[in-house]
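Novice: how would this look folded up:
(2 chains)
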Amino acid sequence: MTELAIRARSITKRFGGFTALDNVEFELRPGEIHCLAGENGCGKSTLIKIINGVYQPEPGAQFDFSGQEAVGHITPSSAKRLGIHVIWQDLSLFPDLSVAENICFDAFVANPLRGIGRAQKLERAQKTIEQLGVQLDPKARVGDLSIAKRQLVAICRVIQAEARIVFMDEPTASLTQKETETLLQIVRRLSEQGISIVFVSHRLGEVLDVCERVTVLRDGKLVGTFPTEGMTQKKLSTLMTGKELDQTPRAGDVDGERMLVLKHLTRRGEYEDISFDLRKGEILGLTGLMGSGRTEIALSIFGMTSPDSGELRLDGKEVKFRSNRDAIDAGVAYVSEDRLNLGLDQQQSIADNTASTVLKELSQPSFFLNPKRIRELCDLWIEKLKTKVSDPMLPVSSLSGGNQQRIVLAKWLATNPKVLVLDSPTVGVDVGAKAGIFEIIRNLAKEGMAIILISDEASEIFHHTDRTIVLKAGRVARSFKTSEVSEEELEGIINA
Amino acid sequence: MLNRLKSVEGSLFGVIIALGIVLSLTTDSFLTVQNMFDLLNNQAVNIIFAVGLVVVLVSGGIDISFSITASVVQYVAVSLVLSLGGGNWVIGFAFAMATGLMLGLVNAFLIHKFRIVSIIVTIGTFNLFFGLLMYFTRGRSIYDIPDWLYYRIPVFEFASATLYLPIVVAIVLAFVTWFFMTKIGFGRMIVGFGSDPEAARRSGVNIAFIQAFAYGWLGLCAGIGGLMQAHIVQEVVPNALYGRELDILAAVVLGGAVLGGGRGTVIGAILGVMLLAVVQNGLNLLGITPFAFKAIVGLIILMAITATNIDRLLPKRAARVEG
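Specialist: Model (predicted):
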């Protein structure tokens, strides 16, 4: 048997009275791609932080690295000396520095007084970029790069720092399918070079695809480490949540009245000749690769941009929105993709965020805002969407990803919309919370709301929509009843 | 090369040259050695302040107290050497640098230790230092300064015009700052910290040290600048530099530094100072009433900032919303 890259045993961590990790074991083989799975709050990040020396475990924990027992505390710098690196979800890059300088940054920190010439930095960076076989301009400013490219810079940076073990925290959360595939290829290449990768991801499909083994945590306890061979998404989510999730596809025959009609809608450079209907009670999947125009169409339906030509009809009447205020008044709600930045004001209270779309209504007839009515509205939606909130006056930032997403939904549902556009509503949300959000969406459709679901995850589109429209380069490439295809076929169509 | 021209520094340089050509054609006295040397001599102190300030701005902070630091340093330094019986340049420099550094570290300490936003801390120390200075001096100026500080030190003569010591000091400080900001890893750590403090912390950057260095360096520059200012005007007036901080701040921002940190260069800061100087100089030579100066300078600052931001305001087709 080969020596393990990491063997960690009897890891327990308490925060005050709360046990975040309870006697957990973790093993990693050299060159292995390993997945760490579990719902939010299950202890994944705590485990990563312990192995990287950010947190100290309770006494009794044992660590072997490459067969050698670790003596004393692990500190962040001793972890780095052992070649253990983390790529955090926010990537921790420097937007104002060049790609080359980001890649070499750890050398600056290690040796602040050493002179480093421009040519030398470029050469070092270039070598790493070539080793990974990626396309990056070492002179580019990182702030000007797409998230996918920044991800590559972050990987180059740990490789430059001679990483042997790399933890990747949700590396694919903000990538499209195509970018994800490129990333996974690189991960495989690293593993061939003997570097072990630990992957944390909520996208179970890709986890099963790329990883050899998966370690599942639930509520701070180890559920087990399983080979991914023979594992299905359904089985894995059952292991993670401890319950069976209902995921029956929708029948797809909705014959409510036409709520939203697009006829030959065109906006130059963004989308062209888009026509479709959306009926009351229907969930329409809008999918396609990055740049296919899905978000752009949604922004026009929501009045943020105006189409150059074509017709947009809402509830039988033609509409021309001058701004999103018009669209909101007409009954359109749009839940943006970038929930954390655009959808919510993180510092404001849960109640204020919920009320933010209907302030005018809440201040009638007296002109002044009535705090009691804000509270009532907030309580109503907390109950309706089963949001876990201890106190509505706390800032939104105190909630988990899944619960934040519910507050965004509540905020828009408070406007009583006829058409709800959801742009990638489950990005960065864990399995259990995802299921909860889709339950809400399906109930809304049952109550007669017309819903557009933008997503590039085949399994979401497959399970939760009635019809699917696939966009390609700003045009409708295909349009079909979702139940006519299988999940695998759908996956192929999206990525074609 | 084209990229260089497109950068803030490149366009500033272009504007200065263009202004220079216009002024050379419209006035007799602009393009003379005497006027050029005067310009440099007069801007030495501003350049010293600017190269110190740009380090703080790049590190993501702001400091408006440095002009008061300079005032305090020149007053205390001159009083001290007088009480020592005269002193000399070595004592003067050593004392100015040490006092300036110390006052800068006070800012850094408050900002780092108590996590107060830098603008608030420095508004506080600005008032505190200035208040104490006025209280203890009762606003009295010192006219009788030591001989070594009084007599100008010529460094370079050409066509009966002379460059004096302060501009040499400014150039040395600018060179040192440029060197550590761009040529060694430490400077990149300052930029990195200004660009994303959390990422810097996770990379093992010693944040306390970076902040102490940035504000300390500005304090040190301010101290030297204060000494040079006293040397140039041959007197110490406690409120002479009051208000200078905003001019320097505007000049450094003109030079491409960003209030959020992460961006800014020594060359840009100097060019920003020189642009405002050439404008003032031109207005003087053209015989425009000094009462209009402030307004015109203000207008130019607004125009230049708008111009450097214009590409961000124009709709971008290339950078589409992802999705």
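
Novice: got the contact list for whichever residue of the stretch 51-200 of chain B sits closest to chain A?
Specialist: Closest to chain A within the stretch 51-200 of chain B is B:Gly185: 3.2 Å, counting by CB to the nearest CB. To be clear about C-beta, it is placed using only N, CA and C from the backbone, and glycine gets the same treatment. Contacts for B:Gly185 (CB atoms under 8 Å, 6 or more residues apart in numbering or on different chains) come out as A:Ala107, A:Phe108, A:Val109, A:Asn111, A:Pro112, A:Leu113, A:Arg114, A:Ile116.

Novice: ok, the closest residue to A:Ala327 other than its chain neighbours to chain B distance?
Specialist: Once flanking residues are discounted, A:Ala327 sits nearest to A:Gly303: 3.4 Å by CB to CB, 6 or more residues apart in numbering or on different chains. From A:Gly303 over to chain B the distance is 15 Å, taken as CB to the nearest CB, to the nearest Å.

Novice: Contact partners for A:Gly303?
Specialist: A:Gly303 makes contact with A:Phe321, A:Arg322, A:Ser323, A:Asn324, A:Arg325, A:Asp326, A:Ala327, A:Ile328, A:Val332, according to CB under 8 Å, 6+ apart.

Novice: And the residues you listed, which two are furthest apart?
Specialist: The span of these, defined through CB to CB, is set by A:Arg322 and A:Val332 at 13.3 Å.

Novice: ok, residues contacting stretch A:179-195?
Specialist: Applying CB under 8 Å, 6+ apart, the contact partners of stretch A:179-195 are A:30-33, A:132-134, A:148, A:151-152, A:155, A:159, A:163-166, A:168, A:171-172, A:175, A:197, A:199, A:203, A:206, A:209-210, A:290, A:495.

Novice: Return the set of buried residues in that stretch.
Specialist: For stretch A:179-195, a neighbour-count test (16 or more other CB atoms under 10 Å in any protein chain shown) marks A:Glu179, A:Thr180, A:Glu181, A:Leu183, A:Leu184, A:Ile186, A:Val187, A:Leu190, A:Ser191, A:Ile195 as buried.

Novice: Neighbours of A:Gly38, how many?
Specialist: For A:Gly38, the neighbour count with other CB atoms under 10 Å in any protein chain shown is 29.

Novice: go on, the one 4 residues further on?
Specialist: Residue neighbour count, defined by other CB under 10 Å, stands at 24 for A:Cys42.

Novice: so it, which of the three states?
Specialist: Secondary structure for A:Cys42, judged by DSSP: H, G, I helix; E, B strand; the rest coil, is coil.

Novice: same thing with the one 4 residues further on?
Specialist: On the three-state scheme (three-state DSSP), A:Thr46 is labelled helix.

Novice: That one and A:Lys80, how far apart?
Specialist: As defined by CB to CB, to the nearest Å, A:Thr46 lies at a distance of 19 Å from A:Lys80.

Novice: Output the contacting helices and strands for whichever helix or strand A:Val216 is part of.
Specialist: Taking DSSP states H and E as the criterion, the element that holds A:Val216 is strand A:213-218. Where contact means 3 or more CB pairs under 8 Å, 6 or more residues apart in numbering or on different chains; DSSP states H and E, strand A:213-218 is packed against strand A:18-28, strand A:33-37, strand A:221-227, helix A:233-241.

Novice: on that earlier part again, which of A:Arg322 and A:Val332 has more neighbours?
Specialist: When A:Arg322 and A:Val332 are compared for neighbours, A:Val332 comes out ahead with 27 against 9, by other CB under 10 Å.

Novice: quick one, what contacts the closest residue to that one other than its chain neighbours?
Specialist: Of all residues not flanking A:Val332 in the chain, A:Val419 sits nearest, at 4.9 Å (CB to CB, 6+ apart). By CB under 8 Å, 6+ apart, A:Val419 lies in contact with A:Met259, A:Leu260, A:Leu278, A:Ile301, A:Leu314, A:Gly331, A:Val332, A:Ala333, A:Met449, A:Ala450, A:Ile451, A:Ile452.

Novice: In the sheet, which residues pair with the residue nearest to the first one when sequence neighbours are not counted? Tell me.
Specialist: Translated: A:Met259. Counting by CB to CB, 6+ apart, A:Ala450 is the residue found nearest to A:Met259 once chain neighbours are left out, at 3.9 Å. For A:Ala450, the beta-bridge partners are A:Val419 (DSSP bridges).

Novice: count of neighbours near A:Ala450?
Specialist: As a burial measure, A:Ala450 scores 29 neighbours (other CB under 10 Å).

Novice: Also B:Met303?
Specialist: B:Met303 has 10 neighbours, counted by other CB under 10 Å.

Novice: Please apply the same query to A:Glu257.
Specialist: Neighbour count of A:Glu257, defined by other CB under 10 Å: 12.

Novice: that's a strand at the residue nearest to A:Ala327, yeah?
Specialist: No - according to three-state DSSP, A:Gly303 belongs to no strand; its state is coil.

Novice: and the gap between it and A:Pro417?
Specialist: For A:Gly303, the distance to A:Pro417 (CB to CB) stands at 13 Å.

Novice: Could you list the low-pLDDT ranges of the stretch 1-150 of chain B?
Specialist: Where the stretch 1-150 of chain B drops to pLDDT under 70, the residues are B:1-6.

Novice: residue ranges of the helices in it, please?
Specialist: B:2-6, B:8-26, B:33-58, B:66-83, B:89-113, B:118-137, B:147-150 (DSSP state H, counting those that start in this stretch).

Novice: Output stretch B:84-96 in PDB with nothing but the alpha carbons.
Specialist: The C-alpha atoms that make up stretch B:84-96 are tabulated as PDB, following Å, rounded to 0.1, in the frame of the first residue of the first chain:
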ATOM      1  CA  LEU B  84      20.900  73.600  21.100                       C
ATOM      2  CA  GLY B  85      22.700  76.600  19.900                       C
ATOM      3  CA  GLY B  86      22.200  76.300  16.100                       C
ATOM      4  CA  GLY B  87      22.700  72.700  15.100                       C
ATOM      5  CA  ASN B  88      23.400  71.600  11.500                       C
ATOM      6  CA  TRP B  89      21.900  69.800   8.500                       C
ATOM      7  CA  VAL B  90      22.600  66.300   9.900                       C
ATOM      8  CA  ILE B  91      20.800  67.100  13.200                       C
ATOM      9  CA  GLY B  92      18.000  68.900  11.300                       C
ATOM     10  CA  PHE B  93      17.400  66.000   8.900                       C
ATOM     11  CA  ALA B  94      17.700  63.300  11.600                       C
ATOM     12  CA  PHE B  95      15.300  65.100  13.900                       C
ATOM     13  CA  ALA B  96      12.800  65.900  11.100                       C
END
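
Novice: Enumerate the positions of it that are buried.
Specialist: If you call a residue buried by 16+ other CB under 10 Å, then stretch B:84-96 has these buried ones: B:Gly87, B:Ile91, B:Gly92, B:Phe95, B:Ala96.

Novice: could the residues you listed go into CSV alongside distance to A:Phe63?
Specialist: As requested, these are arranged in CSV below (distance: CB to CB, whole Å):
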residue, distance to A:Phe63
B:Gly87, 62
B:Ile91, 58
B:Gly92, 58
B:Phe95, 54
B:Ala96, 54
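
Novice: circling back: out of the helices of the stretch 1-150 of chain B, which gets nearest to A:Phe65?
Specialist: A:Phe65 sits nearest to helix B:89-113 of all the helices of the stretch 1-150 of chain B, at 34.7 Å, using CB to CB.

Novice: so which residue of the stretch 301-450 of chain A comes closest to chain B?
Specialist: Residue of the stretch 301-450 of chain A nearest chain B, by CB to the nearest CB: A:Glu337 (6.2 Å).

Novice: thought that residue was touching A:Ser424?
Specialist: Yes - the criterion here is CB atoms under 8 Å, and A:Glu337 meets it with A:Ser424 at 4.6 Å.

Novice: between these two, who's got more neighbours?
Specialist: With neighbours defined as other CB under 10 Å, A:Glu337 and A:Ser424 compare such that A:Ser424 has more, 24 against 21.

Novice: Pretty sure A:Ser455 is one of the things that one touches, is it not?
Specialist: Yes - when contacts are counted by CB under 8 Å, A:Ser424 is listed as touching A:Ser455 (5.8 Å).
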